[in-house]
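>>> Fold the following and give me the result.
(one chain, ligands or ions: 1)
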Amino acid sequence: MIPVVVLAGFLGSGKTTLLNHLLRTSGGTRIGVVVNDFGRVNIDAFAVSAQVDSMVTLSNGCLCCAVDGTELDDMLAKLASADLDVIVIEASGLAEPSALVRMVLQTSGVSYGGLIYVVDAVEHGAVPDLPRALALADLVVLNKVDRVSEPPALDCPAPVLPVSYGRIDPALLFEVRPPDLGPRQLSFDDLEDHSTHAHASYDSVTFECDEPLHPKLFVDFLAARPEGLFRAKGFVRFGGGTFMLHTVGPYVSFTPVDDAPTQLVLIGAGIEPDSLTDWLLACVADGPVTEQDMLWVLRYARD
Ligand SMILES: Nc1nc2c(ncn2[C@@H]2O[C@H](COP(=O)(O)OP(=O)(O)OP(=O)(O)O)[C@@H](O)[C@H]2O)c(=O)[nH]1
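As a prediction, the model looks like this:
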């Protein structure tokens, strides 16, 4: 039976970064990957040999598929019949890990391979119900330790691995528990449904716009964004270039990408979708943008 590892963690904690690292360093291991969208998985890094519907076959023997949640169990059953060594499901940042684990336990042809829970070393205080997620985890990846002088102490029974950019040893996918403890049997009680899932109190806003935004106005928006706006990701087109934007808490990064229209997803608690949309519309540039204006964005740019 193929082990299925659930990779979970709060918004922006570094799940996709970790997944890309695993795909890059998997060697001859054939990994089946289930993600919400292909967009951010580094498929370009591999020669894609075939794409059928929402499944991509990589030349190194890995299979990637994208699901929207409803087809997750179908896709898992399909992957279970493929010739794979391990399957990794990347949960969306607001998914309830216990619900995913329950689904894996109920799927025939696969075995539960553990829950890897990614925690942002800087933003761990903002994770709703962190102790509950940590209690379920088999391995806790304390990510982004490059951003703290001292990794925070996490109270949990599972091993905690402090890393940067999700660089864990891929061998951990197969041996996530200390061997002397033996496999821990999760009961359905551990996974009982709770009505207060993290996503219950979160809103998301999608903003799309063909016209370029003004760098200064947009950076002003980021500087003044409401505290509850925990995460923003997507593309922003300015007169002087298009950038991929990531914000996690107060952290902001822009990475230059090929020209694309602005397409952003904003996620937060207590945010007002209409006023955020109006605010972003007010960032549309009403004239040409100079090189000087672009410096507002370039100071946050990463290669
Ligand atoms: N400094 C630093 N940045 C990191 C590290 N790991 C990830 N990041 C950055 O954090 C941001 C979010 O990382 P992702 O891997 O997209 O996080 P995610 O958990 O998949 O995000 P969601 O899909 O929103 O849940 C990106 O800008 C990453 O480059 C790290 O160890 N150190």
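>>> what bridges to Ala269?
Beta bridges link Ala269 to Tyr202 when assigned by DSSP bridges.
>>> One more: Val56?
Assessed by DSSP bridges, Val56 has beta-bridge partners Gln51, Cys64.
>>> isn't it right next to Cys64, touching?
Yes - taking contacts as Cβ atoms under 8 Å, Val56 lies within contact range of Cys64: 4.6 Å. The C-beta positions use only the backbone N, C-alpha and C, and glycine is treated the same way.
>>> Give me the more crowded residue out of those two.
Each of Val56 and Cys64 has its neighbours counted (other Cβ atoms under 10 Å); Cys64 has more, 24 against 20.
>>> Could you report the pLDDT at that one?
Note on Cys64: pLDDT of 76.
>>> could we number from 38 for the rest of this?
Okay, using 38 as the starting number, the last item reads as Cys101.
>>> Check the gap between it and the ligand for me.
Counting by Cβ to the nearest ligand atom, to the nearest Å, the gap from Cys101 to the ligand is 15 Å.
>>> and what of Asp206?
Distance from Asp206 to the ligand, by Cβ to the nearest ligand atom: 15 Å.
>>> what residues are up against the residue of the stretch 188-337 of the chain found nearest the ligand?
At 3.4 Å from the ligand, His283 is the closest residue in the stretch 188-337 of the chain, using Cβ to the nearest ligand atom. With contact set as Cβ atoms under 8 Å, 6 or more residues apart in numbering, His283 has these partners: Gly49, Ala269, Lys270, Val289, Ser290, Thr292.
>>> how about 6 Å then?
For His283, the contact set (Cβ atoms under 6 Å, 6 or more residues apart in numbering) comprises Lys270, Ser290.
>>> Please, where are all the helices along the stretch 188-337 of the chain?
Residue ranges of the helices in the stretch 188-337 of the chain, as given by DSSP state H, counting those that start in this stretch, are 252-260, 310-318, 328-335.
>>> Actually, the stretch 38-187 of the chain.
52-61, 109-117, 134-143, 167-173.
>>> Can I get the ones you listed in CSV including mean pLDDT and mean neighbour count?
Converted to CSV, the helices of the stretch 38-187 of the chain look like this (pLDDT from 0 to 100; neighbours: other Cβ atoms under 10 Å):
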stretch, mean pLDDT, mean neighbour count
helix 52-61, 87, 21
helix 109-117, 84, 18
helix 134-143, 85, 19
helix 167-173, 90, 17
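>>> closest one to the ligand among the ones you listed?
helix 52-61 (3.4 Å).
>>> Other residues contacting that closest one?
Leu44, Gly46, Arg77, Asn79, Glu127, Val155, Tyr202, Gly203, Arg204, Pro207.
>>> Neighbour count and pLDDT for those - can I get that in CSV?
Shown next, in CSV, are these (neighbours: other Cβ atoms under 10 Å; pLDDT from 0 to 100):
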residue, neighbour count, pLDDT
Leu44, 27, 92
Gly46, 27, 93
Arg77, 17, 64
Asn79, 14, 65
Glu127, 24, 89
Val155, 30, 96
Tyr202, 14, 94
Gly203, 22, 93
Arg204, 16, 91
Pro207, 17, 74
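>>> What's the local residue count around Pro310?
By other Cβ under 10 Å, the residues close to Pro310 number 14.
>>> In contact with it, which residues are there?
Going by Cβ under 6 Å, 6+ apart, Pro310 touches Val242.
>>> same thing with Tyr288?
By Cβ under 6 Å, 6+ apart, Tyr288 lies in contact with nothing.
>>> Perfect, that will be all.
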